[in-house]
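In: Predicted model and sequence follow; I will ask about them next.
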Amino acid sequence: MRTIDREVLYAESNDVTDLREAAVRANVTGPAGEEHSRVWREWDIMAHEVGLYEVKHDECMRKYCSLPMFFKPLDPTREFFSIGTDEIIDLMEGWGPIEPYPLKLDELPTDLLASISFMFGGVGDGRHALGTIAGVYHAYKKLPKVKQDKFRAHLTLLDIHDATIARDLCVLVLLHQLAEATDSVVRAEIKATLTYTFCGAAMPVYCDDRLRAVIHNLRKLLTKNPLDLPPWLHVVSDTITTILPTLDYWLTAKKTTARMLETHESISPADESDGLAALSRAMPGGNKDLQRAIKEKDAGVRAQIEGVLRGLTDAQLAEWEALPREMPVAERRRFVQENLATLVDEMHRAGRGGKLPLYEEAWYKGTKVFLPPKELLGRHPGFEVAWRQIRARTGMTPGIYRKILSHIDTDWKPNITLFDLKCADPNVYSDADGYPDLRLDMFDTIAYMDQFNRRNGPNAKEHRRTNQDMLAASTCGAFFEEVATAIKGLGERLTVELICGGLSEELGKMQYRADVTRPASFPRKYTRMWLSNVPDYTHGTQNVIIYAVPALQDHPQAAVAFNSLLNTMAWGNDDEFFHTYSLLLPQEVPRYLGCRVISSRAVMDVCVVGAQPVPRPLSELATREELTTYLTRVLFNTFIPGHTRLRPHNVRAPHNLVAFFSLLLYLHRVGYPAHWLSEFMARVLSGSMVSDIAPYDDFWPMPVKERLRRVAPRRVRTDPWLVDFENIIASAYYAIPFPIAAALPAEFSRSAEDIQVWEVRVRPAQYFSTQPFMNFSSPYDPRAQLLFYRPAVATAMRLIDDMARIFEGKATPPPGTFFVLTMQEYVQYESRIRFKLSRKRVERMRKEGWSMMMYRHDTGQEATLPVPVEKWNLVASS
């Protein structure tokens, strides 16, 4: 594709004149003639404005990248996922212990060897990043010296939650301290601090002192210019301002250990027995792939239990309390062999799935804290005695137990990094003194670390939690020791970058070079990307392809992967998963969207997508008719989105019209002709379209057969959504890679400076329940839509009730008397809303007496009371 600038226009001016005269002589009529006329109008406007395109392109792209791409929830409160629940992933080896996809460094060209880069989107507690640092060093050491000299690795840790990034930063600084420390006692304290910070509810006071010293020091270092962090560690500048309030809160919040542990509960595997299987069986027409996978997993668990029983040592048999104490070991072994099937049934029924109860679990059940490392155990009165009693299976004596609990209450502190700012929000906690709801299996993370520690040794294939002697302190200590060794060993060859922001938003900035707060040398293309289950919340495969695939390096080994955890029960199969989000089947994605689907098993496995060189040959892409049909389906389903079911079938597909426009930009990059996209948008911007495609106005998931459904051709209205397009197009005007100027309605603004941010103070029309289950109207669902209207023409309720019929062609209210915005800057339905509108448009609206309000676009529920235009306040230029 050739870029047109002033030099090209001058050089080709004679040819352009000849072509125009030939078009006039052809005297084409009908639709083709109309398109000829539109194309020449576009050409004339472009030729006139080409100088401005060169000057304003980058600024327009930055403006565009700031536009929100998702429908917002009514309430912006975010859940804080502090301690993860996943197996540890080393992206050098693939997507987890059972998903190998090794990165073969010896097959990479030198330029890529010098720019190995990993993106962790939705980094969470950072376990996968830490596992990858260890894996990178393991692979680096195997390289010949000449390649080691070229080798560089960059990790980008990204998360939308400020407390997550702040917490990960503290862990990384502690790891740096561990890498530099030489004194054995200091190293033991640092490893203990890492253990309790990473996966504990409370910690000894000496660990709390170390953690608070890190937080306090970070508070100072992050405000220095330049940053005074370890040379391998970087925090993006706008992330610093985002996380500082959390660091301040951690330093000043007064939290008690007693209350922290009172609200905390560690769930054992028995508490979770067969929960997913029971839920699957209880759901009529449930996911057949899921049920089959559960059966396969069940068989594997039973085999695991049998293997454990057959492999019991004499010492383990002698300690087994399930058998009479006086029974000899030989007799015990014979009993196990003769009753193997029954014992497997009983142990499976007990729900531990072959996982042996750890000695430390008995300790934790009584204390709710992990046992300190042996080097530090003597600092804790009663702990050594109690631990010996637990190992002897006699249980703690009451006196010792009281002594331990008193010590924990007075000399231990809550893990302050498990608190986020909403704990101090009176709208969330009435006393502004919230505590985290920490109810999970605290030993899962320990078991995953143990599994990771064994990955390259002779016991690599042993199942998790089959070693009763496993201790949190030693297991975590070994894990953090390996990571710290890797950090020190890689030295200047390693860079770890932290970004607080939305995954799609930050990737969009990188793609369009609007990531101006990052150092210019940092990568915008990645070798491997792990998105966890973030796509469950961000429109699934469609979002991954539009925003993540362009951020992959141009190499066959480069790939982006994610899993699905939020709504596994919702999906009938992987085709349904793909189709609901992208309106395509997996096998159609390469032809329509120009990328590779390496694995489409998103529901019960991992979905993996790879890039292809672009632009693609037009012969390998969808035809113009197919593309038009596809774009129409996506657009109409953005206008009139489907409905979601209750949890655990809650499907989130929150793309708004900004995301639709990003799809157009992506398709141009893939290789579709600019005039195809231009002509499609011209139809949309005309205010109406004739089509035989109907939106899916039913409950998600969207059946695969929906892709073939057609209705009688009719003229539908697009005018209610055109002001949204005005905001988008005006913001990006001089960066749009296909002609659009001639199609813009006369009243449309073409100036990004004219698009302003407005704020309104609102009152709720009703209050929405925040209960997570059996709730069709959670304020945390991304369903907010703004309605702007002239009260003299129609009421808000009438417009909301009629929106689907208006789309289908209902003539009243007429165009120009109302519109909706799918894009909002900020939403909190009980207090205030921010949105973008043209200053000139608002001036006209003031004269005509407009009002605005917010509603849920799926249920039609009014969320706020109307606010008249005279109460809208200009905030700032966009």
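Out: Right, received. Where do you want to start? Because the structure is predicted, anything quoted here is derived from the model rather than measured.
In: Need the residue closest to the centroid of the protein.
Out: Val534 (2.6 Å; Cα atoms, centre = their mean).
In: Check what pLDDT that one gets.
Out: Listed pLDDT for Val534 reads 97.
In: same deal with Gln771?
Out: 86.
In: go on, Ala424?
Out: The model's pLDDT for Ala424 equals 96.
In: from memory it sits against Tyr435, does it?
Out: No. Look at Ala424 against Tyr435 with Cβ atoms under 8 Å: they stay out of range, at 11.3 Å. Heads up, the C-betas are built off the backbone N, CA and C, glycines and all.
In: quick one: the helix or strand hosting Leu244 to chain centroid distance?
Out: Using DSSP states H and E, Leu244 maps to helix 237-252. From the chain centre to the centre of helix 237-252 is a distance of 21 Å (Cα atoms, centre = their mean, to the nearest Å).
In: What helices and strands are in contact with it?
Out: When contacts are defined as 3 or more Cβ pairs under 8 Å, 6 or more residues apart in numbering; DSSP states H and E, helix 237-252 packs onto helix 162-180, helix 205-221, strand 494-500.
In: what does the shortest one contact?
Out: The one in question is strand 494-500. 129, 133, 136, 152-162, 164-165, 168-169, 172, 232-236, 239, 242-243, 486-487, 506, 518, 522 (Cβ atoms under 8 Å, 6 or more residues apart in numbering).
In: could you give the angle of the next helix or strand after that strand to strand 494-500?
Out: Downstream of strand 494-500, the first helix or strand assigned by DSSP H and E is helix 503-511. Inter-element angle recorded for helix 503-511 and strand 494-500: 120 degrees (by axes from the mean of the first three to the mean of the last three Cα atoms, to 10 degrees).
In: quick check, distance from helix 503-511 to the centre of its chain.
Out: Worked out by Cα atoms, centre = their mean, helix 503-511 lies 12 Å from the chain centre.
In: who's in contact with that helix?
Out: By Cβ under 8 Å, 6+ apart, helix 503-511 touches 65, 68-70, 121-122, 158, 160, 499, 514-515, 518, 524, 531, 534, 538, 543, 546-548, 550-551, 662.
In: now with 7 Å?
Out: Residues outside helix 503-511 that contact it (Cβ atoms under 7 Å, 6 or more residues apart in numbering): 65, 69, 121-122, 158, 499, 515, 524, 531, 534, 538, 543, 547-548, 550-551.
In: before we move on, back to that, which of the contacts of strand 494-500 count as buried?
Out: Burial by neighbour count, judged by 16 or more other Cβ atoms under 10 Å, picks out 129, 133, 136, 153-162, 164-165, 168-169, 172, 232-236, 239, 242-243, 486-487, 506, 518, 522 from the contacts of strand 494-500.
In: For the stretch 151-300 of the chain, give me the ranges with low pLDDT.
Out: Within the stretch 151-300 of the chain, the stretches with pLDDT under 70 are 269-300.
In: what's the pLDDT at Pro357?
Out: 73.
In: where does it fall, helix, sheet strand or coil?
Out: coil (DSSP: H, G, I helix; E, B strand; the rest coil).
In: okay, the residue lying closest to it once chain neighbours are set aside: pLDDT?
Out: Nearest residue to Pro357 in three dimensions, chain neighbours excluded: Gln468, at 6.9 Å (Cβ to Cβ, 6 or more residues apart in numbering). Looking at Gln468, its pLDDT is 81.
In: you'd agree Gln468 is in a strand?
Out: No. Per three-state DSSP, Gln468 lies outside any strand segment and is coil.
In: Check which residues of stretch 755-774 are buried.
Out: Per 16+ other Cβ under 10 Å, stretch 755-774 contains these buried residues: 755-760, 762, 764-765, 768.
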